[in-house]
Structures are given as structure tokens and as C-alpha cells.
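Q: give the three-dimensional model of this entry:
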Amino acid sequence: GPLFYPADELEKSALMWNGRPVVVYHPELNGRGVSAGSPEITNRYKIGTVFNTRFTGTQLVAEAWIDTERVEAIDSRVLYDLTRNQTTEVSTGLFTDNEQTSGTWNGIPYIAIARNHRPDHLAVLPDQVGACSIADGCGLMRNNEREPLGLPSLF
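A: Here you go, the predicted model:
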């Protein structure tokens, strides 16, 4: 179910995002979600790397440095969107310790509070909606400060 990611936990883990892989979809092996930190997953999913992560106000902001050759080989739809400066859905892949406390934040119910974030990857979702969607203010190219092709792009 939905988790609440408190601002103080996001801020504590911001620098840990640097160097984490950017992948297309959350990596899986045999139908199960796995870490993006293995050579096999890198070869199948990785299209870039997260850098220059910072916590600004209440948001985690970072640059997603995308390798155009890798993204073309793995999922050309992502490159198509990038070259057109299109915002694309993303999802964070991280490990957390979940405090079993339910509540509501900004009118949205949650079942637990995510603590002690351990970032693993940033997943680009070319045809899915992320838990923190574009409509919620998230996404690849959401805060783009570059010219079209936008590389690096911000999420």
C-alpha cells in the first residue's frame, strides 16, 4: 500500500542518490523485483546515472545523466520523449524500514511511514504512472534546465 516519505527522511538520504543507476522500469528477475546493482541488471536495464542530488524545500531534486546510445538500445520511446523535452513518469527504487503507522498526508491515506531510505535506482516508466506522478509534480524532465535533448535532465 501507499507509504509516507517524510521530508526529513528525504533530506537525510539525498546524497545517497548520487551514483545510483537510472533504469527503464524497475528491474526484475524471474518476476521478482531486484536491486539494480548487479552487472546482469545493468546490462538489461541501465540507461544512465543520478548525480547532483539535493533536497530543496520539500522536494528531492537530481540530475539524471542519460547515455543516449544505451537508451536507444533499451527503449527508444524514452529517447523520443527526451529529444522532445517531454516529461516522463519515474519511480524511485529504494529500500526502507517501514514504521507501521497509518495516517493521511495532503488528503492522501498511507499505511506506513518510510524511514531510513537506502536508494537503489531511479526507474523511468515510459508507459506507466509513478507513485509520485507527473500530476503530483514528479517526473524526468520535470525541472529541466537544459535545451531540448535535455541531457542531463532533472527529475
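
Q: and residue 85, what element?
A: Under the criterion DSSP states H and E, no helix or strand holds residue 85.

Q: I'd guessed it sits against residue 139; true?
A: No: Residue 85 is beyond contact range of residue 139, at 11.9 Å (criterion: C-beta atoms under 8 Å). All C-beta spots, glycine's among them, are computed from the backbone N, C-alpha and C.

Q: and these two? which has more neighbours close in?
A: Between residue 85 and residue 139, counted using other C-beta atoms under 10 Å, the more crowded position is residue 139 (23 against 14).

Q: any weak-confidence spans in this structure?
A: 143-155 (pLDDT under 70).

Q: buried residues of the lengthiest strand in the chain, list them for me.
A: Taking DSSP state E as the criterion, the chain has its longest strand at strand 112-125. Residues of strand 112-125 classed as buried under the neighbour-count rule (16 or more other C-beta atoms under 10 Å) are 112, 113, 114, 115, 117, 119, 120, 121, 122, 123, 124, 125.

Q: relative to residue 99, how far out is the fourth one?
A: Translated: residue 115. According to C-beta to C-beta, to the nearest Å, residue 115 and residue 99 sit 6 Å apart.

Q: list the buried residues for the host helix or strand of residue 64?
A: Residue 64 is located in strand 59-66, with elements delineated by DSSP H and E. Buried residues in strand 59-66, defined by neighbour count with 16+ other C-beta under 10 Å: 60, 61, 62, 63, 64, 66.

Q: next: stretch 95-103.
A: Under 16+ other C-beta under 10 Å, the buried positions of stretch 95-103 are residue 96.

Q: which elements pack onto the helix or strand containing residue 53?
A: If you go by DSSP H and E, residue 53 is part of strand 46-56. Using 3 or more C-beta pairs under 8 Å, 6 or more residues apart in numbering; DSSP states H and E as the contact test, the elements touching strand 46-56 are helix 7-13, strand 21-24, strand 59-66, helix 68-74, strand 112-125.

Q: parallel or antiparallel, list what pairs with the second one.
A: For strand 21-24, the paired strands and their directions (DSSP bridges) are strand 46-56 (antiparallel), strand 112-125 (parallel).
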